[in-house]
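[1] have a look at this fold, sequence not included:
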């Protein structure tokens, strides 16, 4: 069950997205690293794959 306030916020967000011509999400490194995608300086990240 979703809290009423959260459900209202989700509905409002859906209305904004539906009415938008373009949607661009801005996220930080925590989103990708939490999913297992290495950040720039972590082992396996871009920093280790490119010469300076």
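    Okay, I see it. Everything numeric here is computed off the predicted structure, so don't read it as measured data.

[2] can you give me the helices in this structure?
    Using DSSP state H, the helices found in the chain span residues 4-19, 29-34, 46-49.

[3] run the chain-centre distance for the shortest one.
    From the chain centre to the centre of helix 46-49 is a distance of 22 Å (CA atoms, centre = their mean, to the nearest Å).

[4] contacts for that helix?
    40, 41 (CB atoms under 8 Å, 6 or more residues apart in numbering). Just so you know, the C-beta spots here come from the backbone N, C-alpha and C atoms, and that holds for glycine as well.

[5] ditto for the second one
    By CB under 8 Å, 6+ apart, the surrounding residues in contact with helix 29-34 are 39, 40, 42.

[6] repeat for the longest one
    Contact partners of helix 4-19, identified using CB under 8 Å, 6+ apart, comprise 2, 23.

[7] from residue 42, how far out is residue 48?
    8 Å (CB to CB, to the nearest Å).

[8] pLDDT weak spots in this protein?
    1, 29, 52 (pLDDT under 70).

[9] nearest the geometric middle of it, what residue?
    Nearest to the mean C-alpha position of the chain, counting by CA atoms, centre = their mean, stands residue 27 at 4.2 Å.

[10] what values do phi and psi take at that one?
    phi -130, psi 170 (degrees, to the nearest 10).

[11] on that earlier part again, of the contacts of helix 29-34, buried ones?
    Taking 16 or more other CB atoms under 10 Å as the criterion, nothing in the contacts of helix 29-34 is buried.

[12] in TSV, list these along with distance to residue 32.
    Converted to TSV, the contacts of helix 29-34 look like this (distance: CB to CB, whole Å):
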residue	distance to residue 32
39	7
40	10
42	10
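
[13] could you measure from residue 37 over to residue 10?
    26 Å.

[14] if you could redo that for residue 33, that was the one I meant.
    25 Å.
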